[in-house]
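K.L.:
quick one, fold the following:
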Amino acid sequence: MILALRALGIGDLATAAPALRALRAAHPDRVLALAAPRWLAPLVELVGGVDRLIDLDGTDRLGPYEWPVRGPELAVNLHGRGPESHRLLRAADPRRLLAYHCPEAGHTDGPRWRPDEHEVHRWCRLLDWYGIPADPDDLALRRPAPGRMPVGVTIVHPGAKAPQRRWPAERFAAVARELTARGHRVVVTGSAAERDLAGQVAARAGLSATAVLAGAMDVGELAALVAHARLLVSGDTGIGHLATGYAIPSVLLFGPVAPALWGPPPDRPWHRALWAGPAAPPATPVPAPRPPAAGSRPEEPGPEKPGPAAGPDVAAARPPGPAGGKPAAAARPSRRDAGGDPGVAHPSASGAVGATADGVPPATAGGRVGRPADAPHPALAALRVDEVLAAVERVEEVAVDAATPR
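P.N.:
I've put the predicted structure just below:
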C-alpha cells in the first residue's frame, strides 16, 4: 500500500492532483490510500486514481490518531513541511517515508522546503527528488454530469475561510449586478456558514433568493456546477482551483497571498488572477527527474529557508514507539503544519509571516497595526470593481477565441 497524506480542503486536494497521479503511475499495482476529510470523497473520485479514502481532517489541531492501516510500503507527506505531519505518518509504521527534510521529526532525507514555491510545483518537486516524475500541468479533473445543477451560469463566490481573503461584499454585489445587466445568469455560492453573506450579495445585486446556492450543495455538486459554468468570479479559495481543473474562465482576486504561490497557471489566459500587492517571485519550476542514490539521499547544500509557519508547531515532539514495537499515536496535523492551504500561515503582501490560523499575524491583521481582523487585506481591498469587470471581458474574449475553429 501507498499511503498519502493531504488532509485539508478543496484547493489543497486539487493542487495535489498531479502528485497523486504521479504516485498512481509509479505504483500501478499498489493500493493508493489517501488520508483526507471524508467530505472530500466526491472530489477524490474526480481526481481519480485513489483506491481508498481514510477519513482524516487536518484543518485544525486534533488529538491522537490511530491509523486503520499499518505498515504501508510507502508513506508520502503531501500535507506539509513537518514536523507534525511527518510524525503522523511515521505512526502508521511505513517501510519508507517520502517527505521534506525535517530534522525536528527525525527525517533527514528529502529535499529542502522552499517558501517561495507554487503549491502545485512543491509536491511535484518532492516526488521528483525521490525519482518519481510528476507533471505540474496535469490539473484537469473528470467532468461530472450536471445533475440538478444549472448549466451555463456565472458563479460569484464572495466567501473565503479567512476574512483577510474576502473582497468586500458590496463590490461582489456590484460585479454581480453589472454582469446580470450584460445578460449573465448569476448565482452566488458559498458554504453553509456563508449563506448569509451570499444572501447579502444577491440582495444588493437585485438577484432573487433562488440565485443563492450557498450551503445547498456538497462538494461533488459544487464541482458539477463549476464544470458546466460560463464564468467564475471568486477570491483565493478552493472553488478557483475547480475552475482551473475544468478550464472554466475565471477571475480570481488575490490577497494576502500572491497568485505566484497559489494562482492558476500563468500560461492559461482564460484564468485571470488579480493582485494589487508587490511583485512576487516566479514559481519555482520542477527540476528534471533525478533517481535517488542507494540508501538515504544526501542533503541539498545550503541553509534551509524558513517556511510559512512562524517557528515549529506548538505540539511537543512525540517520538515513535520503541523499535520493533507499535509506534505511539501521533497528533493529527494542524493547518500550521500545512504547506500553505489558502488562509493558512501565508506571508502577507508586506512579507510578514503568518502565525495564526487565518494566516495573518495578530499585530498586523489586515496588513497593518490596528486594522480590524475581519477587514480584507490591503492587497485585496485595493482591487476595484471596474478592474474585475475588465478582467471578465478579457477572459471571455480569450475563451471565445480559443473555441473558434481555425
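
K.L.:
would you mind measuring from the closest residue in space to R30 that isn't next to it in sequence to P72?
P.N.:
The shortest distance from R30 to any non-neighbouring residue, by C-beta to C-beta, 6 or more residues apart in numbering, is to I2 (5.0 Å). To be clear about C-beta, it is placed using only N, CA and C from the backbone, and glycine gets the same treatment. Here I2 is placed at a distance of 6 Å from P72 (C-beta to C-beta, to the nearest Å).

K.L.:
which residues are in contact with each of the two?
P.N.:
With contacts defined as C-beta atoms under 8 Å, 6 or more residues apart in numbering, the residues shared by I2 and P72 are A33.

K.L.:
so D138 makes contact with L20?
P.N.:
No. Counting by C-beta atoms under 8 Å, D138 does not reach L20; the two are 9.6 Å apart.

K.L.:
which of the two has more neighbours?
P.N.:
More neighbours surround L20 than the other of D138 and L20, with 26 against 15 (other C-beta atoms under 10 Å).

K.L.:
H79 versus that one, what's the distance?
P.N.:
Taken as C-beta to C-beta, the span from L20 to H79 is 12 Å.

K.L.:
so what sits against both of those two?
P.N.:
Going by C-beta under 8 Å, 6+ apart, residues that sit against L20 and also against H79 are R6.

K.L.:
okay, and the residue lying closest to R70 once chain neighbours are set aside sits in which element?
P.N.:
Nearest residue to R70, sequence neighbours excluded (C-beta to C-beta, 6+ apart): D93, at 5.6 Å. For D93, there is no host helix or strand (DSSP states H and E).

K.L.:
how close does D93 sit to V44?
P.N.:
24 Å.

K.L.:
the more surrounded of these two?
P.N.:
The residue with more neighbours, out of D93 and V44, is V44; 22 against 17, by other C-beta under 10 Å.

K.L.:
do you know how far D374 is from V395?
P.N.:
29 Å.

K.L.:
who's more crowded, these two?
P.N.:
More crowded of D374 and V395, by other C-beta under 10 Å: V395, with 21 against 12.

K.L.:
confidence score at the more buried one?
P.N.:
With respect to pLDDT, V395 scores 97.

K.L.:
enumerate every residue touching it.
P.N.:
When contacts are counted by C-beta under 8 Å, 6+ apart, V395 touches L231, P249, S250, V251, P269, W270, H271, R272.

K.L.:
leaving out chain neighbours, which residue sits closest to it?
P.N.:
Take V395 and drop its neighbours on the chain: the residue closest to it by C-beta to C-beta, 6+ apart is P249, 4.1 Å away.

K.L.:
and if you look at D57?
P.N.:
For D57, ignoring the flanking residues on the chain, the nearest one in space by C-beta to C-beta, 6+ apart is P37 at 4.2 Å.
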